[in-house]
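> Show me the folded form of this:
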Amino acid sequence: MKRAWRAAGGGLLLVLATGAGAAPDALPRKAAANESYPGVVVQYDTLRNAAGERLRLIVTRPQHLDGKVAVIFVAGWLSCDTVEAPAGTTGAAQRVFRALAQLPGFATVRLEKAGVGDSEGDCGASDFTAELAAYRQAFRSLGSYPFVDTTRVFVFGLSNGGGFAPLVAEAAPVRGYVVVGGWIKTWFEHMLEIERRRLALAGVPAAELDAQMKDVAQLYAGYLLQQETPRGIFARQPRLQRLWEGDAGQQYGRPVRYYQQLQELDLMRAWSQVHAPLLVLHGEFDWIMSRADLETMAALVNANAPGAAQFAELPLTGHTLEHYASLEAAFAGKQGPFEDAIAQRIAAWFEAQR
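As a prediction, this is how the structure comes out:
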């Protein structure tokens, strides 16, 4: 199979290339093993973003088609981790991706960020504006697949993607959303909340926590509200540098501009305009995102369409569906075996909405 199309003036290129005779712009594979599933076709496609980088699209669909199928589009996390899910993967989210790829009557589409997996570019230098633009390009490309029913498009948002999921579709209709560990308040508020939890879990005595949080508020007010660089802030107030982990030009492996752009988002407004069914999941031991954000998200959708949104807290579960014995174990990253019931629950919701 070989097919390509371009959007005039926009620099958008989608190449669908599998097997011999692949299109010349197709992105070569770097991974050791392709994904495979019984009764499922896996396509490794190519999208060229506005910067000219070739990004990987991983597309799955049923091998035997009886008309067009629904599609689950993944809006991924903040980190530069791959969304590939080969056999034998131990990643919790990847285990869910594998379950969804085998769901009868559904296609799935995952985008690898710039510099991740096969994709060209540098994830550590790519900002949020570029990342969102690539997700939107990938979402628009769904209509180019002859097996996709564009009236039955679902978005599966995890972590950061669970917050900005409504922005991906722009004005296109979405049949429903599943959100895992998302956010909805401003990024400044999110950082104050996560830093309080982080400091407490790291062992800062309760008697010292408020004093440290005053410094945290100063740091993030300068960084996110005043759009200063951390280096500039530390030059003026050296004591604040103790609150920063890693290089002052990055946070969690992404450039500082990425987070300043997150601060500019208005996710409350975006979710206030959603009327589609929504499943919102929060892990009992998710110390990264706040349960209150996800409850608010569900409440906004239910205000538009009563009963459309469901909120559930998953017991013994971390930020992106990992299994933990305690909050302390989650903070330390001491995972237990993945709970397959979580994947089954998410798959059942999609199947019920189809």
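
> For A101, give me its contacts.
Counting by Cβ atoms under 8 Å, 6 or more residues apart in numbering, A101 touches E35, Y37, V40, V42, T60, A85, T108. Every residue, glycine included, has its C-beta placed from N, CA and C.

> how would you label the residue lying closest to it once chain neighbours are set aside: helix, strand or coil?
Spatial nearest neighbour of A101, excluding adjacent residues (Cβ to Cβ, 6 or more residues apart in numbering): T60 at 4.1 Å. When classified by DSSP: H, G, I helix; E, B strand; the rest coil, T60 comes out as strand.

> what are the bridge partners for T60, then?
In this entry, T60 is beta-bridged to V42, T108, by DSSP bridges.

> how many neighbours does it have?
As a burial measure, T60 scores 25 neighbours (other Cβ atoms under 10 Å).

> wouldn't it be in contact with V41 here?
Yes - in terms of Cβ atoms under 8 Å, T60 counts as a neighbour of V41; the distance is 6.9 Å.

> Look up how far R257 lies from the closest residue in space to A325 that isn't next to it in sequence.
Nearest in space to A325, with sequence neighbours left out and distances taken as Cβ to Cβ, 6+ apart, is G336 at 6.2 Å. Counting by Cβ to Cβ, to the nearest Å, the separation of G336 from R257 is 37 Å.

> How about L278?
30 Å.

> Need the three-state assignment for V179.
Under three-state DSSP, V179 falls in the strand class.

> so it bridges to which residues?
Beta-bridge partners recorded for V179 (DSSP bridges): G157, V280.

> surely it meets V280?
Yes - between V179 and V280 there is a contact under Cβ under 8 Å: 4.9 Å.

> which neighbours do the two share?
L294, M297.

> name the element the residue lying farthest from the centre of the chain belongs to?
Most distant from the centre of the chain: A207, at 36.0 Å, with distances by Cα atoms, centre = their mean. Applying DSSP states H and E as the criterion places A207 in helix 206-220.

> buried stuff in the next helix or strand after that helix?
Later in the chain than helix 206-220, the nearest helix or strand by DSSP H and E is helix 230-236. For helix 230-236, burial by neighbour count (16 or more other Cβ atoms under 10 Å) applies to P230, I233, F234.

> Show me how far helix 230-236 is from its chain's centre.
Centre-to-centre, helix 230-236 and its host chain are 30 Å apart (Cα atoms, centre = their mean, to the nearest Å).

> tell me what it is packed against?
Helix 230-236 sits against no helix or strand, with contacts defined as 3 or more Cβ pairs under 8 Å, 6 or more residues apart in numbering; DSSP states H and E.

> how about it as CSV, C-alpha atoms only?
The C-alpha trace of helix 230-236 is given here as CSV (Å, rounded to 0.1, in the frame of the first residue of the first chain):
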residue,chain,number,x,y,z
PRO,A,230,14.4,30.2,35.9
ARG,A,231,18.0,31.3,35.4
GLY,A,232,16.9,34.9,35.7
ILE,A,233,14.9,34.2,38.8
PHE,A,234,17.8,32.3,40.5
ALA,A,235,20.2,35.1,39.7
ARG,A,236,18.0,37.5,41.7
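
> hey, where'd the helices end up in the stretch 1-150 of the chain?
92-101, 128-140 (DSSP state H, counting those that start in this stretch).

> Now do the shortest one: distance to the chain's middle.
Centre-to-centre, helix 92-101 and its host chain are 14 Å apart (Cα atoms, centre = their mean).

> Quick check: mean pLDDT of it?
For helix 92-101, mean pLDDT is 98.

> residue contacts, A217?
L192.

> can you do 10 Å?
By Cβ atoms under 10 Å, 6 or more residues apart in numbering, the contact set of A217 is F188, M191, L192, E195.

> Which of these fall within helices?
Secondary structure from DSSP state H places F188, M191, L192, E195 of the contacts of A217 in helices.

> so which of the residues you listed is the most crowded?
M191 (21 neighbours).

> Tell me how far that one lies from I233.
Between M191 and I233 the distance is 14 Å, computed by Cβ to Cβ.

> And for V153?
For V153, the distance to I233 (Cβ to Cβ) stands at 42 Å.

> Could you list the low-pLDDT ranges of the stretch 1-150 of the chain?
Applying pLDDT under 70 to the stretch 1-150 of the chain picks out residues 1-24.

> In stretch 340-348, which residues are buried?
Neighbour-count burial for stretch 340-348 [16+ other Cβ under 10 Å]: I342, A343, R345, I346, A347.

> Nearest to R136 among these?
I346 (23.8 Å; Cβ to Cβ).

> dump the residue contacts of the closest residue to A87 other than its chain neighbours.
Leaving out its chain neighbours, the residue that sits closest to A87 by Cβ to Cβ, 6+ apart is S36, at 6.6 Å. Shown in contact with S36 (Cβ under 10 Å, 6+ apart): V42, T60, P86, A87, A101.

> Just give me the closest of these to Q137.
Using Cβ to Cβ, the contacts of S36 come closest to Q137 at T60, 19.2 Å.
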